[in-house]
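Chemist: any chance you can model this:
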Amino acid sequence: MDIILKLTQEFSLKPWQVENTVSLIDAGNTIPFIARYRKEATGSLDDQLLRSLSDRLAYLRNMEEQKEKIINSIEEQELMTDEIRISIENAATLTELEDIYRPFRPKRKTRASVAKSKGLQGLADSIYAQKADSPSPQQLALDYLNEEVETVEDAVNGAKDIIAEMVSDDPAGRKMLRYSCKHNANIVAVGTKEDLGVYQMYENYSEPVISIASHRVLAVNRGEKEGFLKVSVDFDKITALAILNNLHIKNNSPTTDTVKEAIEDSYTRLIFPSIEREIRNELTDKASETAIEVFAKNTRQLLMQPPVKGKVTLGLDPGYRTGCKVAVVDATGKVLDTGVIYPVPPHNKVEEAKKIIKNFVKKYNVQMFSIGNGTASHETEVFAAEVIRELDCGITYMVVSEAGASVYSASKLAAQEFPEYDVSLRSAVSIARRLQDPLAELVKIDPKSIGVGQYQHDMPQNQLSNALDGVVEDCVNSVGVDLNTASAQLLNRVAGISSAVANNIVAFRQENGEFTSREQIKKVSKLGPKAFEQCAGFLRVAESENVLDNTGVHPESYAAAKNLLKLSGVTDEDVRKGNVESVKTYIETVGSLALAEKLGIGEPTLIDISKELAKPGRDPRDELPAPMLRTDVIGMEDLKVGMQLKGTVRNVIDFGAFVDIGVHQDGLVHISQITNKYIKHPGDVLKVGDIVNVWVISLDIERKRIGLTMIKPKE
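Modeler: Here you go, the predicted model:
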């Protein structure tokens, strides 16, 4: 197989793009580095496409290795033919390859292998041949009786077992049955308990395999795993046998009925159970892949939420019996103070709690509150809104997801970061920082615990982890990292920096003080030339004398950038002050292509350099709409059908989106209520963090369910 050609066709790219990308990957370059600093080589392919191409490259290479192993195995058995070799070489999937290899795979003990060991292969061949003038199977069997085969019936049954396995091993039959099953079979679920709980809708459920939605596949799988459902594939047996008979029945022979019996046994005992497993596995794989894509997309959007910069923040981690934990952090996230208040049941020490919070606000000039959305969140929000009204000093608040906060606060990492605080207070610090800089804080948590997916515990965990790790890496590198403030966890997500090197960077910073240039990180232990090449462009050193050290310009392009500034008549001080309009004017005057050639760089690199010079230390998240901060609170009991509200999208899933409307319980906008137009997936029009107008269409206070619509009701 020509892998380059196949990738070119599958991704609709030019051969040189694929060749260069594969070469860069093979040379050990990271995806963020290739996406950002090798645009000329790839034709400006983005990080997501590059990851998909890299994954597909690995799959195709693995398939080529499997083909080679299979060819070697069949050759060792001296059974290779030109036809088999061509079939193997033309196989497009691992499943197809497995079908071809099935007859040659060393088998464990089977009914057919036992029959063969008793000398019944010849009888099976004679029966299967179905010659018009053939004797009956019973007459043929007389020649095969021996000490191990005592009766004619035993001989015929053994021959049927051999024929059944031969029919099962036929790639053509399996391929046709698999195709027919996929297009004509149904997934069937039946309840196994009287009370099915959340699986009630699947009590007697049937849906075509070809059209079942991914989230329903994962739902019935979970119901089956938890013992509430029995799930199977329902396929018409008459259709299946017609397909197999068409392939294997040759003449109207005295042995034909026996062959038909063997075919039916083969289908029932060997083929269908195998194909049923394959179809369910394939549905699960596809559903998992879709769910992982949704999870990854939501995670990307959550991590890239705009930070609320430059504000002293008070974090509140709500709780009933154990109280509400409080942490005040400065504008950089440094902890200033902590405490515990008891404003909600069972303690109800409201006035005492107000006094503590007001003292914190006045002492540290607190500008916003960040409230966790867990237990006692609504009561704490009501309390905080009351304090804000009494203070009347412009403070706003936001309820943030505390998903993963407890996992982080109890981790070894949190203990190293905050050895002086107990677990609960660390959680309050994390909640405060999540509002200030979601990316820097959430990067410390296992992405699976962030809580913006569906059925994440039912997916292949390695596949999910790889996808989410890729998302985190891409987000961190697209934003850039301050070399002098970044935690080891954040540095570890920078292209080319391993966990050990990240810890070494922090240790170097603690021993020698702040970094004064990018070049200085070359002194960090274990950070070699390749690692420097990969990571340097993503690190920011605002304190450096070299203004380019605080931009996304890679050190390899410093000479070109300096030359561009000189030609444009712009000084480093101009860059720091943002007076770089003449750079843009100069590029437009000379022409980007001609100027790129003059500077010895590619046109995409020139464009990137000019963007970076325009905004040193720029954060791409600042260009997004700011998060919605609140000053007052409403409860679920205050809602009425028809009420219009403004909310923030918290999670986008296959069947809709959950929207935070400020009542502690997120409302569901079903996919049919997102827009009047047809959409394939809610993610086509919504993303995590979007601020949307919604109307309440249903309320179930007892079950805490809120139905919302984004389609404006008619007057």
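Chemist: alpha carbons only for contacts and neighbour counts from here, please
Modeler: Will do.
Chemist: tell me who's in contact with V590.
Modeler: By CA atoms under 8 Å, 6 or more residues apart in numbering, V590 lies in contact with nothing.
Chemist: same thing but at 10 Å, please
Modeler: A596 (CA atoms under 10 Å, 6 or more residues apart in numbering).
Chemist: for this protein, which spans come out with low pLDDT?
Modeler: Across the chain, residues meeting the criterion (pLDDT under 70) sit at 451-456, 633, 715.
Chemist: which residues touch K530?
Modeler: Counting by CA under 10 Å, 6+ apart, the residues that K530 touches are G28, N29, G496.
Chemist: swap in L142?
Modeler: L123, E150, T151, V152, E153, A155, V156.
Chemist: would you mark the buried spots in the strand or helix carrying V294?
Modeler: Assigned by DSSP states H and E, V294 belongs to helix 272-303. For helix 272-303, the neighbour count (16 or more other CA atoms under 10 Å) marks 272, 275-276, 279-280, 283-285, 287-303 as buried.
Chemist: spatially, which two of the contacts of L142 are the most separated?
Modeler: Maximum pairwise distance in the contacts of L142, criterion CA to CA, is 14.6 Å, between L123 and E150.
Chemist: show me which of the two is the more surrounded one.
Modeler: Set side by side, L123 and E150 show more neighbours around L123, with 24 against 12, by other CA atoms under 10 Å.
Chemist: so what's the more buried one closest to, chain neighbours aside?
Modeler: Using CA to CA, 6 or more residues apart in numbering and skipping residues adjacent in sequence, the residue nearest L123 is A159, 6.0 Å away.
Chemist: pretty sure the one you found contacts Q121?
Modeler: Yes. At 6.8 Å, A159 counts as touching Q121 under the criterion of CA atoms under 10 Å.
Chemist: report the set of residues contacting both of these two.
Modeler: What both A159 and Q121 touch, as defined by CA under 10 Å, 6+ apart, is the set A112, A115.
Chemist: give me the more crowded residue out of the two.
Modeler: Neighbour totals were compared for A159 and Q121, and A159 leads with 30 against 19 (other CA under 10 Å).
Chemist: mind listing what the more buried one touches?
Modeler: Residues in contact with A159 (CA under 10 Å, 6+ apart) are 111-112, 115-116, 119-128, 137, 141, 153, 258-259, 262.
Chemist: what do you get for I601?
Modeler: E40, S557, A560, A561, L593, L595.
Chemist: just the residues you listed now: which is nearest L468?
Modeler: Closest to L468, out of all of the contacts of I601 and judged by CA to CA, is E40, at 27.3 Å.
Chemist: state the distance from the closest one to I34.
Modeler: Applying CA to CA, to the nearest Å, the value for E40 to I34 is 10 Å.
Chemist: and these two? Which one has more around it.
Modeler: More crowded of E40 and I34, by other CA under 10 Å: I34, with 22 against 18.
Chemist: assign R703 to helix, strand or coil.
Modeler: Three-state call for R703 (DSSP: H, G, I helix; E, B strand; the rest coil): coil.
Chemist: number of nearby residues for it?
Modeler: Other residues close to R703 by other CA under 10 Å number 7.
Chemist: switch the contacts of K530 over to a markdown table; also include secondary structure and distance to E390.
Modeler: Below are the contacts of K530 laid out as a markdown table (DSSP: H, G, I helix; E, B strand; the rest coil; distance: CA to CA, whole Å):
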| residue | secondary structure | distance to E390 |
| --- | --- | --- |
| G28 | coil | 59 |
| N29 | coil | 56 |
| G496 | coil | 51 |
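Chemist: considering those residues, which possesses the most neighbours?
Modeler: G496 leads those on contacts (other CA under 10 Å) with 25 neighbours.
Chemist: my read is that that one contacts L527, right?
Modeler: Yes. With contact defined as CA under 10 Å, G496 reaches L527; the gap is 9.0 Å.
Chemist: return every residue with contacts to both of those two.
Modeler: A502, C535.
Chemist: how deep is S44 tucked in, by neighbour count?
Modeler: S44: 17 neighbours (other CA under 10 Å).
Chemist: next: the one 10 residues further on.
Modeler: Neighbouring residues of S54 were enumerated by other CA under 10 Å; the total is 17.
Chemist: which residues touch it?
Modeler: With contacts defined as CA under 10 Å, 6+ apart, the neighbours of S54 are L7, T21, V22, I25, D26, I31, Q48.
Chemist: distance from the chain centre to the helix or strand hosting the last one, please.
Modeler: Going back to what we said before, that points to Q48. Per DSSP H and E: Q48 is located in helix 47-76. Put simply, helix 47-76 sits 22 Å off its chain's centre (CA atoms, centre = their mean, to the nearest Å).
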